[in-house]
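Visitor: just coords:
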């Protein structure tokens with residue numbers, strides 16, 4: 001199954017895509033000046049073209065393990081997106097994903113898509129099928 005990762009923010013949204021086997025995440029695109037319907041149209045194009053099976057959205061959780069106001073807004077975005085694309089949506093803790101993308105030497109205009117790839121890769125690494133592949137190969 002192919003997955004789509006999203007790093008949601010007020011000013012920018014980054015998206016990433018997995019390979020067909022769901023092993024590796026790749027940065028794909030970044031949208032600035034976020035207009036919900038425009039972003040959804042772009043996501044719908046990607047979902048259709050790439051045959052996405054599930055969407056993973058980064059959820060900002062505090063170091064104390066609590067959800068912030070931004071996390072609630074992210075969940076609202078996820079619910080609206082789910083209603084429009086009709087795909088399963090899961091959330092992955094995005095703690096420090098942007099900082100990791102910045103420290104990786106990523107160009108500023110690609111930070112959010114790189115953060116989306118970090119979020120998605122974190123999710124993929126936890127999948128039982130990926131864990132068993134690593135153990136048995």
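Guide: Nice, thanks for sending it over. The model shown is predicted, which means the values in this text are computed figures rather than measured ones. Residues are numbered from 1 along each chain as shown.
Visitor: show me the strands in this protein, by range?
Guide: For the chain, the strands defined by DSSP state E occupy 2-7, 12-18, 25-32, 52-59, 89-93.
Visitor: check the offset of the fourth one from the chain's centre.
Guide: When you say that, I think you mean strand 52-59. Mean-position distance between strand 52-59 and its chain equals 5 Å (C-alpha atoms, centre = their mean, to the nearest Å).
Visitor: where in this protein is pLDDT low?
Guide: Scanning the chain for pLDDT under 70 picks out the ranges 96, 98-99, 102, 104-109, 130-137.
Visitor: try it again with 90
Guide: 9-11, 32-39, 61-70, 93-111, 128-137 (pLDDT under 90).
Visitor: what segments of it are helices?
Guide: Using DSSP state H, the helices of the chain run over 36-50, 69-85, 97-103, 111-126, 128-136.
Visitor: deepest of the ones you listed, which one?
Guide: Ranked by mean neighbour count, the helices of the chain are led by helix 111-126 with a mean of 24 (mean count of other C-beta atoms under 10 Å). Bear in mind the C-beta positions are built from the backbone N, C-alpha and C, glycine included.
Visitor: hang on, the earlier thing: winner for burial among the strands of the chain?
Guide: strand 2-7 comes out most buried of the strands of the chain by mean count of other C-beta under 10 Å, with a mean of 26.
Visitor: and the angle for that one with strand 12-18?
Guide: Orientation note: strand 2-7 sits at an angle of 160 degrees relative to strand 12-18 (axes from the mean of the first three to the mean of the last three C-alpha atoms, to 10 degrees).
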